[in-house]
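Asker: Give me a 3D structure for the following:
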Amino acid sequence: MSDTSFAEALNEQIGNEFAAHQQYVAIAVHYDGETLPQLAAFFYRQAVEERNHAMMLTQYMMDADLEVSTPGVEAPQSRFDDIVAPVELALAQEKRVTEQISALAAKARDAGDYQGEQFMQWFIKEQTEEVSTMSDLLRIVERAKDSPLLIEEYLARESLGDGGNDPTAPAAAGGAL
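Answerer: Next up, the predicted model:
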């Protein structure tokens, strides 16, 4: 591929996905420290999912014979003023990632990299689900902020964000761990 802009952007997105992973770990640890195990478990699962997204991008780059560089990430936010703030941060993060993924798909198209554009389609679908899930969780947390156990009950009952394995998901480097 003579136009390296898509490959460079994919490497940057690997860093974005690892940063999202770290932020979700920090949020999970925060909720764990508040003895809110359902919220913690939800964000631990989200962290693994973001890590797997980074590894899917990595595998694609290796399969496409593109140079992979794994960038470092900044420390995540780990202190929050209330029970709502971490979910607000998570929703803002998912919206930002959605913009990044859309820009990647456009970059692939502009570069004439149709395989890259097709690869990004799964991530576009995934981000629609992620924003929807996080929006729902934010509404629940805002309504029940004074009764956190209601949030815990809701998450235990509804299994929010636990869609299971997606057979259409791209392969992840190292396998799905």
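
Asker: And for stretch 28-48, what's in contact with it?
Answerer: Residues outside stretch 28-48 that contact it (Cβ atoms under 8 Å, 6 or more residues apart in numbering) are 21-22, 24-25, 27, 78-80, 83, 86, 90, 137, 148, 151-153, 155-156, 160-162, 177. Placement of C-beta: from N, CA and C, glycine included.

Asker: what's near enough to touch the residue nearest the centre of the chain?
Answerer: With distances taken as Cα atoms, centre = their mean, Glu50 lies nearest the centre of the chain, 4.0 Å away. Shown in contact with Glu50 (Cβ under 8 Å, 6+ apart): Glu17, Phe18, Ala20, His21, Tyr24.

Asker: now, among these, which is nearest to Ala172?
Answerer: Glu17 (10.9 Å; Cβ to Cβ).

Asker: Are any of the contacts of stretch 28-48 buried, and if so which?
Answerer: The neighbour-count test (16 or more other Cβ atoms under 10 Å) marks 21-22, 24-25, 27, 80, 83, 86, 90, 137, 148, 151-152, 155, 160-161 as buried among these.

Asker: In the residues you listed, which has the lowest confidence score?
Answerer: pLDDT is lowest at Gly161 among the buried ones among the contacts of stretch 28-48; the value there is 64.

Asker: what about the helix or strand containing Ala54, distance to the chain center?
Answerer: Assigned by DSSP states H and E, Ala54 falls within helix 37-63. In terms of Cα atoms, centre = their mean, to the nearest Å, the centre of helix 37-63 is found 6 Å from the chain centre.

Asker: can you give me the mean pLDDT across that helix?
Answerer: Across helix 37-63, the average pLDDT comes to 96.

Asker: Now the element after that helix, going C-ward?
Answerer: Using DSSP H and E, the helix or strand that directly follows helix 37-63 along the chain is helix 85-110.
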